[in-house]
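Undergrad: Sequence first, then the predicted structure, then my questions.
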Amino acid sequence: MGKILALDIGEKRIGVAVSDELLFLAHPLTTLQWKGFKTFFAELESIIDENNITELLIGVPYTLSGNISRKTNDILNIIKKLRNRLSIPIIEWDESLSTKQAHNILHRSGKKPSKQRHQIDQIAAVVILQEYLDSK
C-alpha cells in the first residue's frame, strides 16, 4: 500500500505532508518555494517517486461561504495541469482555515508564526491530510 501526499499551495510556498503507510497519521515533509509550474512539477514528481505516493491530496481554498475566489481558481487550474501530467489520483479537499489552524498550533507550542513561515505551510498540509485521513 502506498502513501498519500498532501499539498497546501500558496503564492510563494507549498507545504508538503505525507501519510504513514497505514494511512492513519500525517507528517510534515518539506516546504517548496514556488518557482513556477515547471519547477514545481519536477520537484513534485521527485517527491512522489521517492516516497511511494499513490494519491495526491490538494487543499482548495474555498471561501467560508463555499464560494470560489481568485485563489480558488488558481489552485483549480494547477490541479487541472497536474491531472494532465500525473497518473495517480488527485483529490481536492476544502482547506478553509487550515493556515489559521497551523498558526494556532505554532502559537500553542510557544513559537511565533511570523518567524516560522516554512513550518506554517507544512503544518497546514498536515492539517489538510489529517482531516482527510480521519474522514476515511
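TA: Yes, it's here. All values derive from a computational prediction rather than experimental measurement.
Undergrad: Can you find which helix in this structure contains the most residues?
TA: Of all the segments assigned as helix in the chain under DSSP state H, the longest by residue count is helix 117-135.
Undergrad: which other helices and strands contact it?
TA: Applying 3 or more CB pairs under 8 Å, 6 or more residues apart in numbering; DSSP states H and E, one finds that helix 117-135 contacts strand 3-9, strand 13-19, strand 26-33, strand 53-60, strand 90-94, helix 98-108. Every C-beta, even on glycine, is put in place using the N, C-alpha and C of the backbone.
Undergrad: which parts of that helix are buried?
TA: Neighbour counts using 16 or more other CB atoms under 10 Å place 119-133 of helix 117-135 among the buried residues.
Undergrad: Check stretch 53-69 too.
TA: In stretch 53-69, residues buried by neighbour count (16+ other CB under 10 Å) are Ile53, Glu55, Leu56, Leu57, Ile58, Gly59, Val60, Pro61, Tyr62.
Undergrad: wait, isn't the second one in contact with Ala6?
TA: No: between Glu55 and Ala6 there is no contact, the gap being 9.3 Å when judged by CB atoms under 8 Å.
Undergrad: can I get the CA coordinates of stretch 44-56 in CSV?
TA: Listed in CSV are the C-alpha atoms of stretch 44-56, where the atom choice follows Å, rounded to 0.1, in the frame of the first residue of the first chain:
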residue,chain,number,x,y,z
LEU,A,44,6.6,17.1,-7.0
GLU,A,45,7.5,14.1,-9.4
SER,A,46,10.7,13.5,-7.4
ILE,A,47,8.8,13.6,-4.1
ILE,A,48,6.2,11.2,-5.4
ASP,A,49,8.8,8.7,-6.7
GLU,A,50,11.0,8.8,-3.5
ASN,A,51,8.0,8.3,-1.1
ASN,A,52,5.9,5.6,-2.8
ILE,A,53,3.0,8.0,-3.2
THR,A,54,-0.2,6.6,-4.7
GLU,A,55,-2.6,9.5,-4.1
LEU,A,56,-2.2,13.3,-4.1
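Undergrad: Can you tell me which of the helices and strands packed on helix 117-135 is most buried?
TA: strand 3-9 (a mean of 26; mean count of other CB atoms under 10 Å).
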